[in-house]
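**Student:** quick check, what structure comes out for this input:
(2 chains)
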Amino acid sequence: MIEVRIHGRGGQGNVVAAYLLATTAINEGWHAQAFPAFGAERRGAPVVAFVRLNHEPIRRRCQVVSPDFLIIQDEALMNVPGITNGLKADGGILLNTARGSDSYTGDIDSSLITLPATQLAQQYLGRPVPNTALLSAFLKLTDLLPQPALIKSLEERFKGPVLEKNIALIEAAAETIPDNSWKMTINA
Amino acid sequence: MRKALEGSQAIAQTVALCRPQVVAAYPITPQTHIVENIAKLVADGNMDCELVSVESEFSAASLVLGAACAGSRTYTASASQGILLMSEVLYNIAGLRIPMVMTCANRAISAPLSIWNDQQDSMAVRDAGWIQLYCASNQEAVDTTIQAYRIAEATELPVMVCMDGFTLTHTLEPIDIPAQAMVDEYLPPFNFSRALDPANPISIGTLVSPDHYSEARHSHHHALLAAADEIIAADADWQQLSGRAAGGLLSVSGPDDAQIGILTLGSIVGTLSAASDTYTDLPATQLINLRAYRPFPVDALRLACSGLTDLIVLERALSPGFGGIVSAEVHAALAGMPAVPRIHSFAVGLGGRDIPLEIYRTLHERINVAEPQPFSIIDVEREKLPVEDHGIEVTGIMT
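**Tutor:** Numbering: from 1, shown residues only, chains lettered A, B, ... in the order given. Here you go, the predicted structure:
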């Protein structure tokens, strides 16, 4: 089972990111579960959402405590104590920042990959919403699910120019990310 | 059709499949997404019903009560303080023997103010005379909602479908939404025998003198007891049609020869089931998923508990000043059995506290005692208590 914890701020589409990732997996025949760390969500406040992906039905409904991957939508959250708590030793962090991955060398033991998702979103959507770009990068890194599957779940949620711009955005995001850096065997 | 859906969205789509003619609800976390999704279905022309915006939960319940008396199939949903505000009307709906279905998106009760999940709200209206069915997953909630209409209309009793707030309502997972034709085949149009009709006038809700009140209560009590058969039949028929059962009165999983049982209600069942496969060093354990809480399935419970030496009752609410609500009833139900298991009573996950996999190990450790201990809230963190309460056992009457 693959477990992902997504950190962001209210308004960045944190829950939508979790739902999109799980929806993409479910549409591809996986079992998946996505849920927010249920809080009273306020714009700008730190928020957390969880995703589980598996080839077997998922029975547990507790919060994810030892994630395989973190997706962090706001670089400033890296300063929040405990942000990487529970991350598996061979896990990975995908961080939204304009800085290069090597900026964090030495601070973090896990593999850390950066993506300038806010800048890309600003460029393609005209809005600083980093979630879909990060999801695209996550799929490219892990090779868990094909990119067209993500486009399919975007089509279920968006239409018209918003959909078209998001598709352009996720394609651009995928191009900036090295292939399969986090490819791993799924032991369901 | 298998779809990736948020629990609330699935419930809204399922309610639409049941073709209620009148829906009234007042938004309250964590029920809100259910009603929002129903409003969207109606606005988009995908659900043909009268959706009434009301100014409170009291009005929501009153409105569906009136609409049901006029012969409509109705639906409402609420949680927590909303359930409490409705409670006067909930007793009326049940006492008047009005069939209807509501969803309780289970949430803690104030104070302290909490928007998060436990089951204190539906437990607070335990005695209102409604059938109460608890759901372990969103799929069970979907299937139970459909069955609830069938049960309500066959028994002329209202049914409360209880699903854990957030843990189910806000979780997206693969859910099979049945085809409209299947639901139509299962659920014929509602034909209320006592519908108000000017051509054939009757009164509903008149004053009842001491001459007849006891008889009305007797009939209501016995109707609830007899509803157990309909709950079983509704699930069996749905299984035949859809291929899925939702757990009848209660369902048991785990090895037949297990001597330890854990009885619980709602979404924690899945976590315990996953834990039992994870902690293989612990003794074999049967999980008893209590689906029907009202009527309380005494016979099924006695059968499920025969052969157990220890039964853990793990509940999501409590009766302050007494202890476990469900465990008190379990004690009463099992009294007189040839070999009554030792009953251990715990509450867990109050006000949304996460219930981790490790709770399973903790439970096994806590029952490894000479005599069952009094009821306790198992995940209390003592260092957070006021200093004067440190070290004081949370004792209570043995339940």
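
**Student:** going by C-alpha atoms from here, please, whenever you check contacts or count neighbours.
**Tutor:** Will do.

**Student:** what about the strands in chain A?
**Tutor:** Remark: strands assigned in chain A by DSSP state E are A:2-9, A:31-36, A:46-54, A:69-72, A:92-96, A:111-115.

**Student:** got it, and the stretch 251-399 of chain B?
**Tutor:** B:260-264, B:285-290, B:292-294, B:310-315, B:342-347, B:376-377 (DSSP state E, counting those that start in this stretch).

**Student:** out of these, flag the one nearest chain A.
**Tutor:** Checking the strands of the stretch 251-399 of chain B against chain A by C-alpha to the nearest C-alpha gives strand B:285-290 as the closest, at 13.3 Å.

**Student:** ok and that closest one relative to strand B:260-264, angle-wise?
**Tutor:** In terms of direction (axes from the mean of the first three to the mean of the last three C-alpha atoms, to 10 degrees), strand B:285-290 departs from strand B:260-264 by 30 degrees.

**Student:** show me which residues of the stretch 251-399 of chain B sit near chain A.
**Tutor:** With C-alpha under 8 Å from any C-alpha of the partner chain as the criterion, the stretch 251-399 of chain B meets chain A at residues B:267-268, B:270-275, B:354-357.

**Student:** reformat these as CSV; add pLDDT, distance to A:Ala133 and neighbour count.
**Tutor:** Compiled in CSV, those are given as follows (pLDDT from 0 to 100; distance: C-alpha to C-alpha, whole Å; neighbours: other C-alpha atoms under 10 Å in any protein chain shown):
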residue, pLDDT, distance to A:Ala133, neighbour count
B:Ser267, 98, 33, 24
B:Ile268, 98, 34, 27
B:Gly270, 97, 33, 20
B:Thr271, 98, 32, 21
B:Leu272, 98, 36, 26
B:Ser273, 97, 36, 19
B:Ala274, 97, 33, 16
B:Ala275, 98, 35, 19
B:Asp354, 96, 30, 17
B:Ile355, 98, 33, 19
B:Pro356, 97, 32, 18
B:Leu357, 97, 33, 22
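
**Student:** show me where pLDDT drops low in chain B?
**Tutor:** For chain B, applying pLDDT under 70 flags the ranges B:391-399.

**Student:** find the closest residue to chain A in it.
**Tutor:** For chain B, C-alpha to the nearest C-alpha, closest residue to chain A: B:Thr271, 3.8 Å.

**Student:** wait, isn't B:Met123 in contact with B:Ala317?
**Tutor:** Yes: contact criterion C-alpha atoms under 8 Å: B:Met123 and B:Ala317 qualify, at 7.3 Å.

**Student:** okay, the strands of the stretch 251-399 of chain B in a markdown table with distance to A:Val80 next?
**Tutor:** A markdown table is the format used below for those (distance: least, C-alpha to C-alpha, whole Å):
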| stretch | distance to A:Val80 |
| --- | --- |
| strand B:260-264 | 37 |
| strand B:285-290 | 40 |
| strand B:292-294 | 44 |
| strand B:310-315 | 35 |
| strand B:342-347 | 33 |
| strand B:376-377 | 31 |
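
**Student:** take the ones you listed and lay them out in CSV including mean neighbour count and distance to B:Gly321.
**Tutor:** Formatted as CSV, the strands of the stretch 251-399 of chain B follow (neighbours: other C-alpha atoms under 10 Å in any protein chain shown; distance: least, C-alpha to C-alpha, whole Å):
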stretch, mean neighbour count, distance to B:Gly321
strand B:260-264, 24, 21
strand B:285-290, 24, 24
strand B:292-294, 21, 22
strand B:310-315, 24, 16
strand B:342-347, 24, 14
strand B:376-377, 20, 12
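
**Student:** quick one, helices of the stretch 151-300 of chain B?
**Tutor:** Along the stretch 151-300 of chain B, the stretches classed as helices by DSSP state H, counting those that start in this stretch are B:180-186, B:213-242, B:268-278, B:298-305.
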